[in-house]
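Colleague: Could you work out the structure for the sequence below:
(4 chains)
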There are 2 protein chains.
Amino acid sequence: MISFLGEFEQLLLLAIIRCGDEAYGAALQRELEQVRRGVHLGAVYTTLLRLESKGLVASRVGDPTAERGGRRKKFYRILPAGSRQLERSLAALRTMTAGLPRPLEAP
Amino acid sequence: MISFLGEFEQLLLLAIIRCGDEAYGAALQRELEQVRRGVHLGAVYTTLLRLESKGLVASRVGDPTAERGGRRKKFYRILPAGSRQLERSLAALRTMTAGLPRPLEAP
DNA sequence: GTATTATCCCGACAATGTCGGAGTAATCAG
DNA sequence: CTGATTACTCCGACATTGTCGGGATAATAC
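Modeller: So this is what the prediction gives:
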C-alpha cells in the first residue's frame, strides 16, 4: 500500500496552490480547464474528497456572498503532508526527465 | 474517452526512453526503482501490455544471449503517439507549476 | 535427459479517474 | 411568505489505471 498521487490529484493540488484562498470547486475546475479539456466538476469534488480523507488537504465553508444564488462555497487549502507528497511526485518526474532532449523536459 | 496517461505510465514511458535499446522488463524495473521504491515486475509488464494495446509503444523479441538462463528478452520502444501523449502530460504539469516556488516544501 | 536460471505473462483485486444527476442553500420577484 | 432561479456541493456507479502473487517459458549447465 505504497500510496502515491495520481496525475489528476497532482494537477488538482497544484490548482489549489495557484488559486490561493479562492480555491473552491468551480474555480478549481476553471483552473484545470486551462490545461485539460472537459474537466467534469464531479471529478473535481470526488478527488477533493479523497484527498481530504487522505489528509493532504483541508477545507472550510465560506460565508454567504452577495451573489444571486448558490450554496456556500467550500474552500480548500493544501496541508504539509500534501505538499510533501506532491513534491515527491514532481521530483520523480524531474529525475526521470533529467538529461532528456526537449521537448521532454521536467516540470 | 479522452484517455490520459496515468503517472506510472508516464514514468514507464520515460524509463523506456532512458533505457534506449536495452528497454526490457527487468531493466525498466531497475530504472524505475531509482525513483520509486518497491516497483513490482508484474506492474511493469501489465502496464507495458496496456501501453502496447493503446499503440503507444512497440516491442520486439531479442535473440538468445550467452547468459546462463532465461527466456528471450522483449525490448520495447516508444512510438510517436506515445511521445506525443507523454509530452502533453508533461506540458500540463509544466504549465501548472510555472511561477510556483521551486521546492514546494511543507510550511 | 534434469536442474537451474532469467525472463515474460496471466488473473484478480485495489486505487484512481470519470460521469450524470440529485441535493442544498442562497437571492430575487411577486 | 412562497416559488423561481441560481451557484454550488455531494452521491453512486462505472471505467481506467495500478498492484500483487504466482505460474509458464525458454535458455544454459550438468
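
Colleague: Tell me where the model's unsure across chain A.
Modeller: Residues of chain A meeting the criterion pLDDT under 70: A:1-3, A:66-70, A:102-107.

Colleague: which residues sit in contact with whichever residue of chain A sits closest to DNA strand C?
Modeller: Per CB to the nearest atom of the strand, A:G6 is where chain A lies closest to DNA strand C, at 1.9 Å. To be clear about C-beta, it is placed using only N, CA and C from the backbone, and glycine gets the same treatment. With contacts defined as CB atoms under 8 Å, 6 or more residues apart in numbering or on different chains, the neighbours of A:G6 are B:6-7.

Colleague: For A:S59, grab phi and psi.
Modeller: phi -130, psi 160 (degrees, to the nearest 10).

Colleague: Also A:R77?
Modeller: Backbone torsions of A:R77, given as degrees, to the nearest 10, read phi -140, psi 150.

Colleague: Any idea what it is bridged to?
Modeller: Beta-bridge partners of A:R77, counted by DSSP bridges, are A:A58.

Colleague: ok, it touching A:A23?
Modeller: Yes: here A:R77 lies in contact with A:A23, judged by CB atoms under 8 Å, at a distance of 6.7 Å.

Colleague: Counting neighbours, go ahead and name the busier of these two.
Modeller: When A:R77 and A:A23 are compared on other CB atoms under 10 Å in any protein chain shown, the one with more neighbours turns out to be A:A23, at 23 against 15.

Colleague: Mutual contacts of A:R77 and A:A23, please.
Modeller: Taking CB under 8 Å, 6+ apart as the criterion, A:R77 and A:A23 both touch A:I16.

Colleague: which residues are contacting stretch A:57-77?
Modeller: Stretch A:57-77 is contacted by residues A:13, A:16, A:21-25, A:28, A:48, A:51-52, A:78-79, A:82 when judged by CB under 8 Å, 6+ apart.

Colleague: Relative to the whole chain's centre, how far out is that stretch?
Modeller: Averaging C-alpha coordinates over stretch A:57-77 and over its chain gives two centres that are 17 Å apart (CA atoms, centre = their mean, to the nearest Å).

Colleague: do stretch A:6-14 as well
Modeller: In terms of CA atoms, centre = their mean, the centre of stretch A:6-14 is found 5 Å from the chain centre.

Colleague: that older thread, please report the distance of the residue of chain A closest to DNA strand C from A:T46.
Modeller: 12 Å (CB to CB, to the nearest Å).

Colleague: ditto for A:T97
Modeller: For A:T97, the distance to A:T46 under the criterion CB to CB works out to 29 Å.

Colleague: same question, A:L93
Modeller: The gap separating A:L93 from A:T46 is 24 Å, by CB to CB.
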